[in-house]
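>>> only the shape, not the letters, is given here:
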């Protein structure tokens, strides 16, 4: 190789490395900004929660069901959030019992069963459902679902049951979309081998395709759960916003998000800090779900 060719290759290498470096800088800045923003949000919420934690203590704040704010003298009030934490977990639990099978079943229908035209119509309908504002779905629940439940149960109609049904509708697009992508990622060779062995379509679906996409379906359900935990307006419109611990799906209660929205306008001092502590509890729940997703995906990577 001549000296001229050698110098030309070196210039190409340096030029490529310089271009790569110039591309890496904005990408690194974007990633750092995203991480730094989340960190700032967490630190800010933690800082605002510290007065309530130090004044009331963890037991009275996180493990008490008594919520009696005192606007004129906030330090004299009681700010236990256990009833609202329970309401959040119960509405999410019942919503996932309804929404997860519906979402996964719809994903299987779209990817494996539906004819092309029906598949396209169903997919567009799910996308449209994802774009509907949550307040409209909450208004639907308030005007139709609550009176219907009141008529058939003899209760007020408000409570965990309508909130769970509303949340089930709202998590459906997330679970269906992510579940469909997970089913599409299953290698076609598995399906072809199953059919070649004489299995029917349904045997192939529930014995081959669903087990192969199990981790993706679990992840889609967990992410749908995160959507349900953080929903505010739709839940606030149908849950009743009562300051009590609910033991039945037909009892009125509140969630962490609905209580924050209801009381944030008049909160000051320790009262305001207690609401930030509820936001901190929500953030910790969301982080736990993210860690659960990472655990599921990592276990799949190790298995493969």
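Perfect, I can see it now. Since the model is a prediction, treat every value here as computed from it, not as a measurement.
>>> which secondary structure element of the protein has the lowest mean pLDDT?
helix 3-62 (a mean of 76; mean pLDDT, DSSP states H and E).
>>> and the next helix or strand past it?
Remark: after helix 3-62, the chain's next helix or strand is strand 67-68, criterion DSSP states H and E.
>>> what residues does the strand or helix carrying residue 192 touch?
Using DSSP H and E, residue 192 falls within helix 188-196. Helix 188-196 is contacted by residues 203-204, 207-209, 212 when judged by Cβ atoms under 8 Å, 6 or more residues apart in numbering. The way it works is simple: take the backbone N, C-alpha and C, and place the C-beta from them, glycine included.
>>> how far away is residue 60 from residue 267?
17 Å (Cβ to Cβ, to the nearest Å).
>>> how about residue 122?
44 Å.
>>> do residue 234 as well
22 Å.
>>> pick out whichever of the two has more residues nearby.
residue 234 (25 against 19; other Cβ atoms under 10 Å).
>>> any idea of the mean pLDDT for the helix or strand where that one lies?
Here residue 234 sits within helix 233-238, counting by DSSP H and E. Averaging pLDDT along helix 233-238 gives 90.
>>> in the stretch 51-200 of the chain, which spans are strands?
In the stretch 51-200 of the chain, the strands defined using DSSP state E, counting those that start in this stretch lie at 67-68, 78-79.
>>> which among these is found nearest to residue 253?
Residue 253 lies closest to strand 67-68 among the strands of the stretch 51-200 of the chain, at 10.8 Å (Cβ to Cβ).
>>> could I get the contacting residues of residue 266?
69, 71.
>>> tell me where this structure is predicted with low confidence.
1-21, 299-304 (pLDDT under 70).
>>> so which residue is dead centre in it?
For the chain, residue 226 is the residue whose C-alpha lies nearest the centre (Cα atoms, centre = their mean; 1.8 Å).
>>> that residue - nearest residue in space that isn't next to it in sequence?
Leaving aside its chain neighbours, residue 226 sits nearest to residue 289 (4.7 Å; criterion: Cβ to Cβ, 6 or more residues apart in numbering).
>>> also residue 208?
Closest to residue 208 by Cβ to Cβ, 6+ apart is residue 194, at 4.6 Å.
>>> and for the one you found, the neighbour number?
Residues near residue 194, counting by other Cβ under 10 Å, number 18.
>>> tell me how far residue 148 lies from residue 158.
Taking Cβ to Cβ, one finds residue 148 at 12 Å from residue 158.
>>> compare those two and say which one has the larger neighbour count.
Summary of the neighbour comparison: residue 148 and residue 158, criterion other Cβ under 10 Å, with residue 158 having more neighbours (24 against 13).
>>> can you pull the contacts of the nearest residue to residue 55 once chain neighbours are set aside?
Excluding its sequence neighbours, the residue lying closest to residue 55 (Cβ to Cβ, 6+ apart) is residue 270, at 5.3 Å. Neighbouring residues of residue 270 by Cβ under 8 Å, 6+ apart: 51-52, 55-56, 74-75, 77, 79.
>>> make it 7 Å
51-52, 55, 74-75 (Cβ atoms under 7 Å, 6 or more residues apart in numbering).
>>> which one (most neighbours) among those residues?
Neighbour max across those (other Cβ under 10 Å) = residue 52, 25 neighbours.
>>> is it true that that one touches residue 271?
No. Using Cβ atoms under 7 Å, residue 52 makes no contact with residue 271, being 8.4 Å away.
>>> now do the shared contacts for these two.
Common neighbours of residue 52 and residue 271, counting by Cβ under 7 Å, 6+ apart, are residue 79.
>>> re earlier: from residue 180, how far out is the residue nearest to residue 208?
Taking Cβ to Cβ, one finds residue 194 at 20 Å from residue 180.
>>> residues near residue 232, how many?
Count around residue 232 with other Cβ under 10 Å applied: 17.
>>> quick check: it touching residue 262?
No. Under the criterion of Cβ under 7 Å, residue 232 is not in contact with residue 262, lying 10.1 Å apart.
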